[in-house]
Each structure stands twice: as structure tokens, then as C-alpha cells.
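1. Provided below for reference: sequence and predicted model.
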Amino acid sequence: MIDNHTDNVYIAVAASAYRVNTKGEIYQLVSGAWLLLEDKPFDERPTPTDIQPVIYDKHCRNPSPTILRIAGGAAGQSGLIQALSDAFNKFRVSEKFDPCRVAWYKTSPSESLRYLNDGIVDVVITRNSVEVATALNQSIRLSPLGSYLIFREPLLLVGPLSNPANLDPNSDIITMFRTLRQAAQLDYTPRNAGTTDPSASFETRGDGSATHLRECQLWEEVRKVDQPPHLPAFFPYIPINRYPPLTKANIDASLNLYGAANLGYYTLTESSMYRLKPELHTKLTVYKHGQLNDPNDLLVLQGHLLVGARAQYPALAEHFAAWAAGPAGQSIVRDFRICGRSVY
């Protein structure tokens, strides 16, 4: 559709037409006129009793009754959600909006969409392409403006300094995964399976996260190229481990890094998580780094923000989403640093 307002940031058409201006205000087209949507909060939504949120209330002079509830994993652990929350409240104060508290719920991928659909949280930040596709296919009730791309994050293939698989950092990532499999395969026969130490092992995330899904995709690409003919189709191509075993209590993007560092394994991890653990850099080194300037790089994940249709304060949730995806929010993402180095 065509609209002549020069301050538009987004326009969306669902059951009705909506537009968001540069201040984050949301208007709905009703009988040919744009009407400003004001927050009329839904009844109190349930909150998960098994997760204690982290509250960010910078720039709130007094405890605000208004709260924006965000579910996410690695983006929260890296500190990005806090950086966006603090800058968003500073922006609201400068524009004469009331500040709000932000509650970050550290959730697993399966929990995030369920909480969004049930109205337990208002917003989900995810790099999981399956989650985004599921939501956009209307299995999840989203607001009319739905999904926003707010960052891209590189993945890293890291491993022991001794490089037992003899990886060539100049190779592409599929070739490097093939090399990992071949190094393990040298020690494998059907008779000694599980009884010998392989030349190379891989520490899996095993948690259904975006990084884990990309890891599975890479192993599948290896299978397509050179599936060993004498092994069943489900053979994992290389000894894969999970240390410690995944439980609801240890949903932590850094656990596979500790496992890899302590056991001398290779693993796939996020750039943000690797930067957050400098104490492991004496045991691990980076063999491949995703390139943000390459739109087809398999070691780059896209971070999406999804707004639920049952957000407790709908206009606030959309305001945050439009701001985060707009110039002000993107400057926070670009300038975000961990240990002095940019991440996104």
C-alpha cells in the first residue's frame, strides 16, 4: 500500500493496515483514517514459575508498573538484551515516554515460542530459523507486524591448539567438517567402535539451539558428500559428545566450550560466547570464523525479534521492536562490544 506520511518506519497489512513512525507510535487504519493505538494492557498474564527473570530498570526513577517481557537465550547471555533495554529506556525518556522495566527470561528454544503463544512473554529474540518459520507459518499468534531482523552473528569452529585433525583454516567449512570426520574415521572399525580414543572428537551443543541446528546441517552436508558405505545412515560421522549432559537447569551456551576445552575436542560456538570466556582461549583456538559480509556464509546466523499477539502491553512491545530494528537500535547492535571487540 502507499502512504504519504514521511515519518513511517514500517507499514504492514493484516486484518487491518498498520504503520509505525520514527517515535515508535503505532497507528491503525480505520475507516480511512489513521488512529493512534494506545496501550490498554490485557489482563495480567501468567509468568513462568520455574524461571526467575533478570530485571533491567535503568532510567526508571521509581519502580515502573509497566514491564516488557523478553524471552531469549544467547542474546541475553551475551549482554545484548541488557544493552538494548537500557538504550531503549533512555530513548523513551528523551522522547517524553514513560520508562519501563524489562524482564529477560532465559529460555530454551522450545520454551520461547510456547511462552510467546501463551502470552507469558511479549517478545522473543531468536536466531533459530525453525522457530521463525514456525511462527511466520501462523502456528504462533504474532502481532500484525510480526517479525524483525535485528542482528547477524558469526559462528566459530574452535578446537584444541594441537589441532589433532590437521584442519586447514583456509578450507571452507564443509571441507573442514569432512576433515574432522575423516580424522575420526581413521580409528573406527565396526569391531572397535566405542573402545578406542579417536584422533578427533566433536563437542555438540545438543540443545536444539540455532547453533545446534546449524551444526546438524553441516554434518548432513558431509553425509551427502561422503557417507561411509559400510555404516548405517544414522552414523554421526564423528564421535559426538555432550558434557555435561543437557538438563533444564544448565541451558547455557557456554557449556560446550568448557567441555571442548577440558577434553580437547572441537566444537561450534557463537562469537559472543567465545569472547565471554577468555579464560578458555589458552586451550582453544579459532579455526574458522563466520564472515558477516558474506550473505551465504553457513557460519552466520540471523537474529529475529518476534512480537506476540498476546503481549501484555502491545504498543510497548511494538515500540521496542520498531526501535530495535530502526537506526537507533541498530547503532546499539553495531557498537556492542565484548572484551573490546565487536560481535554483530
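-> Right, received. Where do you want to start? Residues are numbered from 1 along each chain as shown.

2. tell me where the stretch 51-200 of the chain has strands.
-> 54-56, 67-72, 101-106, 123-126, 142-160 (DSSP state E, counting those that start in this stretch).

3. where does pLDDT dip in the chain?
-> 1-20, 22-50, 62-64, 130-131, 133-139, 144-145, 185-199, 227-253 (pLDDT under 70).

4. hmm, back to that, looking at the strands of the stretch 51-200 of the chain, which is buried most?
-> Greatest average neighbour count among the strands of the stretch 51-200 of the chain goes to strand 123-126 (a mean of 28), per mean count of other C-beta atoms under 10 Å. For every residue, glycine as well, the C-beta is placed using N, CA and C.

5. thinking again about what came up before, can you lay out the strands of the stretch 51-200 of the chain as TSV showing distance to F88?
-> Below are the strands of the stretch 51-200 of the chain laid out as TSV (distance: least, C-beta to C-beta, whole Å):
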stretch	distance to F88
strand 54-56	9
strand 67-72	8
strand 101-106	8
strand 123-126	11
strand 142-160	12
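
6. list the contacts for L276?
-> Residues in contact with L276 (C-beta atoms under 8 Å, 6 or more residues apart in numbering) are 77-78, 254, 338-339.

7. ok, and the most crowded of those?
-> S78 (23 neighbours; other C-beta atoms under 10 Å).

8. you'd agree that residue is up against K277?
-> No. Contact criterion C-beta atoms under 8 Å: S78 and K277 do not qualify, at 11.3 Å.

9. correct me, but R181 touches R223?
-> No. Between R181 and R223 there is no contact under C-beta under 8 Å: 9.0 Å.

10. so for those two, which sits in the more crowded spot?
-> Set R181 next to R223 and count neighbours by other C-beta under 10 Å: R181 wins out with 24 against 17.

11. ok, so what distance separates the more buried one from T211?
-> Distance, R181 to T211, by C-beta to C-beta, to the nearest Å: 19 Å.

12. same thing with Q291?
-> In terms of C-beta to C-beta, Q291 sits 17 Å off from T211.

13. cool, and R101?
-> 30 Å.

14. go on, R337?
-> Counting by C-beta to C-beta - R337 and T211 are separated by 21 Å.

15. looking at those two, which is more packed in?
-> T211 (27 against 11).

16. leaving out the residues flanking it, which one is nearest to that one?
-> R205 (5.3 Å; C-beta to C-beta, 6 or more residues apart in numbering).

17. what is the burial count for L280?
-> 18.

18. show me what contacts it?
-> 257-258, 261, 274 are the contacts of L280 under C-beta under 8 Å, 6+ apart.

19. again, only using 10 Å
-> The contact partners of L280, taken as C-beta atoms under 10 Å, 6 or more residues apart in numbering, are 158, 254, 257-258, 260-262, 269, 273-274.

20. with secondary structure and distance to F91 added, can I get these in TSV?
-> Below are those laid out as TSV (DSSP: H, G, I helix; E, B strand; the rest coil; distance: C-beta to C-beta, whole Å):
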residue	secondary structure	distance to F91
V158	strand	36
S254	coil	31
L257	helix	34
Y258	helix	37
A260	helix	39
A261	helix	39
N262	helix	43
T269	strand	32
M273	helix	28
Y274	helix	30
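
21. which of these are buried?
-> 158, 254, 257-258, 260-261, 269, 273-274 (16 or more other C-beta atoms under 10 Å).

22. kindly indicate which of those residues lies nearest A309.
-> A309 lies nearest to M273 out of those, by C-beta to C-beta, at 31.6 Å.

23. that closest one reaches P154, doesn't it?
-> No. Using C-beta atoms under 10 Å, M273 is not in contact with P154; the gap is 11.4 Å.
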